[in-house]
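**Student:** Below is the sequence, then the predicted model.
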Amino acid sequence: MNKKVLLIEDDKIVRENTAEILELANYIVETAENGKKGVSLANTFLPDIIICDILMPVLDGYGVLQIISKNPKLKQIPFIFLTAKTNQDDLRKGMEFGADDYICKPFEESVLLRAIETRMKRVEVFENKKQDDAEKQNIKKPIFENIKNFDQFLAQKKVYNYKNGETIYCEGNVSNFIFLIKKGVVKTYKTNELGKELITGYYTNEQYFGYLSFVKHLPHFENSKAITSTHLYKINKDELTAIINNNHHIIYSFIDVLADNLVNNNEKSILLAYASVRKKTAITILNLFENYPLISNNEIIINRSNLASSIGIAKETLIRTLHDFKDEKLIDITTKSIKILNKKKLLEVQ
């Protein structure tokens, strides 16, 4: 969901230009021309961040911040002063009132957007920490003693939402969770020093990912990204330990997941090391047909970049190979899909 910004600014030109910049950056923007209207609008609009001028009629920026900071519904909202005042005492006064940042006019667009993004990220980190702390406290409750399956547990969990193309974790991030997909499709991948991508796995509804680093207590050794709109759960170490300790049968499902992953990774490593381009492409297409989440009318829905990254070859090499397979009547292709026409001969490709 796009974040909401409340802009309180008495100068019409500055107000309209700034609002346009924010809307182009995909923020939902409401504006007010003075502090009194700004406070009233804040109560109904409930913005994610407030940007406010200082010198305004009716109620100045300091007054706005004082009122906002005493309202339990609004006091946690990040507050940025936007003003032409540059005196050091003015800056100090703004910070003493509780402002999160101070941007002096005139300003570069990038400075404004960077300030907003920084404040938003800090709020997100704080909210995630609160959520994690709350979930850790819940571990101590007796409910874990009676869990017979994950459905009871998941019904109480927060669902995290990711847009198509949004990163879930990066290589090197600390691994605090196992991820369970409620709905959507996720890919995991590694990149080399030249930025070339090698996809290590695809995951979809009711599947786990990110568990190898989690089990070994290591930072993530790969990246993950949503390739459709995705909704997932994050299960932390303490939760998992508590569930398994009280419900030993659950551990077998994780052993199955880890064993399947180990077998698949070993087979893929051998294929990448020794097989020809044609063989790698053929086997990958067959594997995708069996396991890839996005299949429609017996067609694999995958773009050329992701397919090339799954095989570990250049996109141009993949395109030539696919056209060869099409000419040989092994597959049929469109710009976004692949359909297997002759599985037996595809298996025999060398």
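**Tutor:** Yes, it's here. All of these numbers come straight from a predicted model, not from anything done at the bench. Residues are numbered from 1 along each chain as shown.
**Student:** Just grab the bridge partners of the residue nearest to residue 337 when sequence neighbours are not counted for me.
**Tutor:** Spatially, and ignoring its direct neighbours in sequence, residue 337 is nearest to residue 299 (4.2 Å; CB to CB, 6 or more residues apart in numbering). C-betas here are computed from N, CA, C, even on glycine. Counting by DSSP bridges, residue 299 is bridged to residue 296, residue 339.
**Student:** Stretch 12-19: how far from the chain's middle?
**Tutor:** 31 Å (CA atoms, centre = their mean, to the nearest Å).
**Student:** and the next element down the chain from the helix or strand of the chain with the lowest mean pLDDT?
**Tutor:** Among the helices and strands of the chain, helix 251-274 carries the lowest confidence by mean pLDDT, DSSP states H and E, at a mean of 56. Sequence order places helix 277-291 as the next helix or strand after helix 251-274, per DSSP states H and E.
**Student:** what residues go with each domain of this protein?
**Tutor:** Taking automatic domain parsing as the reference, the chain has its domains at 4-119, 142-267, 275-347.
**Student:** Please convert the ones you listed to a markdown table, extending it with mean neighbour count.
**Tutor:** Output for the domains of the chain, formatted as a markdown table (neighbours: other CB atoms under 10 Å):
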| stretch | mean neighbour count |
| --- | --- |
| domain 4-119 | 17 |
| domain 142-267 | 15 |
| domain 275-347 | 16 |
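**Student:** and the ones you listed, which one is worst for confidence?
**Tutor:** The stretch with the lowest mean pLDDT among the domains of the chain is domain 142-267, at a mean of 75.
**Student:** Surely residue 350 touches residue 278?
**Tutor:** Yes - Residue 350 lies in contact with residue 278 (CB atoms under 8 Å); the separation is 6.9 Å.
**Student:** Distance of residue 51 relative to residue 74?
**Tutor:** 14 Å (CB to CB, to the nearest Å).
**Student:** err, residue 312, not the other one
**Tutor:** Counting by CB to CB - residue 312 and residue 74 are separated by 52 Å.
**Student:** can you redo the domains of the chain as TSV with distance to residue 127?
**Tutor:** Conversion of the domains of the chain to TSV gives the following (distance: least, CB to CB, whole Å):
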stretch	distance to residue 127
domain 4-119	9
domain 142-267	10
domain 275-347	30
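**Student:** Out of those, flag the one nearest residue 126.
**Tutor:** Between residue 126 and the domains of the chain, the shortest separation by CB to CB is 8.7 Å, and it involves domain 4-119.
**Student:** can you give me the helices in the stretch 1-150 of the chain?
**Tutor:** Assigned by DSSP state H, counting those that start in this stretch, the stretch 1-150 of the chain shows helices spanning 12-24, 35-45, 61-69, 88-96, 109-138, 150-154.
**Student:** Measure how far the last one is from the centre of its chain, please.
**Tutor:** Think helix 150-154. The answer for helix 150-154 is 23 Å, by CA atoms, centre = their mean.
**Student:** Can you dump the C-alpha atoms of that helix in PDB for me?
**Tutor:** The C-alpha trace of helix 150-154 is given here as PDB (Å, rounded to 0.1, in the frame of the first residue of the first chain):
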ATOM      1  CA  PHE A 150       0.500 -25.100  12.300                       C
ATOM      2  CA  ASP A 151      -3.000 -23.800  11.400                       C
ATOM      3  CA  GLN A 152      -3.700 -22.900  15.000                       C
ATOM      4  CA  PHE A 153      -0.300 -21.100  15.300                       C
ATOM      5  CA  LEU A 154      -0.600 -19.300  11.900                       C
END
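**Student:** now for it, which elements pack on it?
**Tutor:** With contacts taken as 3 or more CB pairs under 8 Å, 6 or more residues apart in numbering; DSSP states H and E, helix 150-154 sits against strand 177-183, helix 237-246.
**Student:** Next secondary structure after the first one?
**Tutor:** Using DSSP H and E, the helix or strand that directly follows strand 177-183 along the chain is strand 186-191.
**Student:** Given that following strand, what are its sheet partners and their directions?
**Tutor:** strand 197-203 (antiparallel), strand 223-226 (antiparallel).
**Student:** Need the residues that contact that strand.
**Tutor:** Here strand 186-191 makes contact (CB atoms under 8 Å, 6 or more residues apart in numbering) with 168, 171, 179, 197-204, 209-210, 221-227, 230, 232, 306, 309.
**Student:** 7 Å instead, please
**Tutor:** For strand 186-191, contacts defined as CB atoms under 7 Å, 6 or more residues apart in numbering pick out 168, 171, 197-203, 209, 222-227, 230, 306, 309.
**Student:** then that strand to CSV, C-alphas only?
**Tutor:** Output of strand 186-191 as CSV, limited to C-alpha atoms (Å, rounded to 0.1, in the frame of the first residue of the first chain):
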residue,chain,number,x,y,z
VAL,A,186,9.1,-16.3,-4.6
LYS,A,187,12.4,-16.9,-6.2
THR,A,188,15.8,-17.3,-4.5
TYR,A,189,19.0,-16.4,-6.4
LYS,A,190,22.6,-15.6,-6.2
THR,A,191,24.5,-12.9,-8.1
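**Student:** now it and strand 177-183, what's the angle there?
**Tutor:** Interaxial angle of strand 186-191 relative to strand 177-183 (axes from the mean of the first three to the mean of the last three CA atoms, to 10 degrees): 130 degrees.
**Student:** centre of the chain versus strand 186-191, how much separation?
**Tutor:** On CA atoms, centre = their mean, the centre of strand 186-191 falls 13 Å from the chain's centre.
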